[in-house]
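*Asks:* Quick check, what structure comes out for this input:
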Amino acid sequence: QVQLVESGGGLVQYGGSLRLSCAASGTIFSIYEMGWYRQAPGKQRELVAALTTGGSTNIGDSVKGRFTISRDNGENTVYLQMNSLKPEDTAVYYCNAVRVRATMWSRGNDYWGQGTQVTVSS
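*Replies:* Alright, predicted model coming up:
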C-alpha cells in the first residue's frame, strides 16, 4: 500500500507564500507523475500543477507565473511553491500520484493524499 503525506498548508495573508510538500511512502518502484489538485467549497476539484518523471509539467492557468512545482524523484516527494497568494487560492490541496508501480512489472495505481488546507486572507 502507498501513502501520500502532505504538509505545509496553513493560513497566509494576501500576497504571501507557502510551500507544500508531499511524500509518497510504501513499496514503490516508480511513479509516473506527481502533482497537486485543489478543491474550494462548492467547486470541483481542479488541477494546480503536475510533473512527470521525465520533467513534463502541466500547470493550471489560474496559477501560472505564481506557483512552481518541483520533484525529488529519489525521495518520491513533490513540492509546490506558492507565491503571490490570493484569497481565491483558498482551498484544500490534494497530492496526487499517478501510475505508482511497486515493481518493474506492475501495472501501477493512482493515489490521493488526505489534503491540506490553504487559507489566504485578504
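
*Asks:* and the closest residue to Asn83 other than its chain neighbours, how far is that from Val118?
*Replies:* Spatial nearest neighbour of Asn83, chain neighbours left out: Ser17 (4.8 Å); criterion: Cβ to Cβ, 6 or more residues apart in numbering. All C-beta spots, glycine's among them, are computed from the backbone N, C-alpha and C. Distance, Ser17 to Val118, using Cβ to Cβ, to the nearest Å: 11 Å.

*Asks:* hey, what's in contact with both of those two?
*Replies:* Residues touching both Ser17 and Val118 (Cβ atoms under 8 Å, 6 or more residues apart in numbering): Met82, Leu85.

*Asks:* neighbour count winner among the two?
*Replies:* Val118 (22 against 12; other Cβ atoms under 10 Å).

*Asks:* Name the secondary structure element that contains that one.
*Replies:* strand 116-121 (DSSP states H and E).

*Asks:* That strand - contacts with which helices or strands?
*Replies:* Applying 3 or more Cβ pairs under 8 Å, 6 or more residues apart in numbering; DSSP states H and E, one finds that strand 116-121 makes contact with strand 10-13, strand 18-25, strand 91-101.

*Asks:* Please list the residues outside it that contact it.
*Replies:* By Cβ under 8 Å, 6+ apart, strand 116-121 touches 6-14, 16, 18, 20, 38, 82, 85-93.

*Asks:* Show me what counts as buried in that strand.
*Replies:* By neighbour count on 16 or more other Cβ atoms under 10 Å, the buried set for strand 116-121 is Thr116, Val118, Val120.

*Asks:* Local confidence estimate at Asn109?
*Replies:* Note for Asn109: predicted pLDDT of 96.

*Asks:* distance of it from Arg45?
*Replies:* Where Arg45 is concerned, Asn109 sits at a distance of 19 Å (Cβ to Cβ).

*Asks:* Contacts only, for the residue positioned nearest the centre of the chain.
*Replies:* For the chain, Trp36 is the residue whose C-alpha lies nearest the centre (Cα atoms, centre = their mean; 2.5 Å). By Cβ under 8 Å, 6+ apart, the residues touching Trp36 are 20, 22, 47-50, 69, 78, 80, 93-96.

*Asks:* Right, I'll call it a day here.
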